[in-house]
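A.B. asks: coordinates for the following, if possible.
(one chain, ligands or ions: 1)
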Amino acid sequence: MDDVTLARALHVLAIVHWIGGVAMVTAVILPALRRRGAPAERLGLFEGIEGKFSGQAKLSTLLAGATGFYMTWRMDAWDRFLEPGMWWMHAMVAVWVIFSAILFVAEPLFLHRWFHERAGRDPEGTFALVQRLHWMLLTASLITVAGAVLGAHGMLY
Ligand code: HEM
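C.D. replies: Numbers count the residues shown, from 1 in each chain. Purely as a prediction, here's the structure:
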């Protein structure tokens, strides 16, 4: 097995953990919590679950980014970023930048505080908004995964 193949396997494992976790939070945990009783209990459970996952997701986004850039460098594939037909390369970097900004910048600086305060005032509206935002991120991520597999195996050009 060559180093690019090994990097690809690690890349896909990182994506499975990270985007799979986003799917679990979006399609299972958030809808289940929204049907639960007291808002304070809901808020505590969600922050506990999301907090635990966000620690793990930081590691998988780092691994996905490192292996992604390593493959790009080893395959000398930088010129793909000049090709509109290689939109899936741009999509991968865009999804990675958005999640990294959320996990490493927005959450520690203000997002967590904003969520806690807003959910205290308006639990229903805040959970509905958070769920909508999760669906948007999950949809963009899944389109990217499909585009990356099709593109990497020559189906898009
Ligand atoms: C810094 C960010 C990223 C970079 C630089 C990057 C780069 C790459 C490269 C160079 C490949 C190999 C393409 C080829 O063999 O022609 C690849 C494959 C792939 N990437 Fe990324 N990637 C990044 C983030 C992501 C993200 C965020 C996702 C998912 C949402 C993703 C999903 C995939 C998938 C599914 C494959 C295809 C594996 C295969 O079927 O061979 N990547 N990536």
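A.B. asks: within range of the ligand, give me the residues from this structure.
C.D. replies: Taking CB under 6 Å from any ligand atom as the criterion, the neighbours of the ligand within the chain are 8, 11-12, 15, 19, 64-65, 68-69, 71-72, 77, 92-93, 95-96, 141, 144-145, 148-149, 152. (Each C-beta comes from the backbone N, C-alpha and C, glycine too.)
A.B. asks: could you redo the last one with a cut-off of 8 Å?
C.D. replies: Counting by CB under 8 Å from any ligand atom, the positions of the chain adjacent to the ligand are 4, 8, 11-12, 15, 18-19, 61, 64-65, 67-69, 71-72, 75, 77, 80, 89, 91-93, 95-97, 99, 141-142, 144-145, 148-149, 151-153.
A.B. asks: quick check: which element contains the residue in the chain positioned nearest to the ligand?
C.D. replies: Residue of the chain nearest the ligand, by CB to the nearest ligand atom: residue 68 (2.4 Å). Secondary structure assigned from DSSP states H and E places residue 68 in helix 39-74.
A.B. asks: and if you look at residue 16?
C.D. replies: Counting by DSSP H and E, residue 16 is found in helix 3-24.
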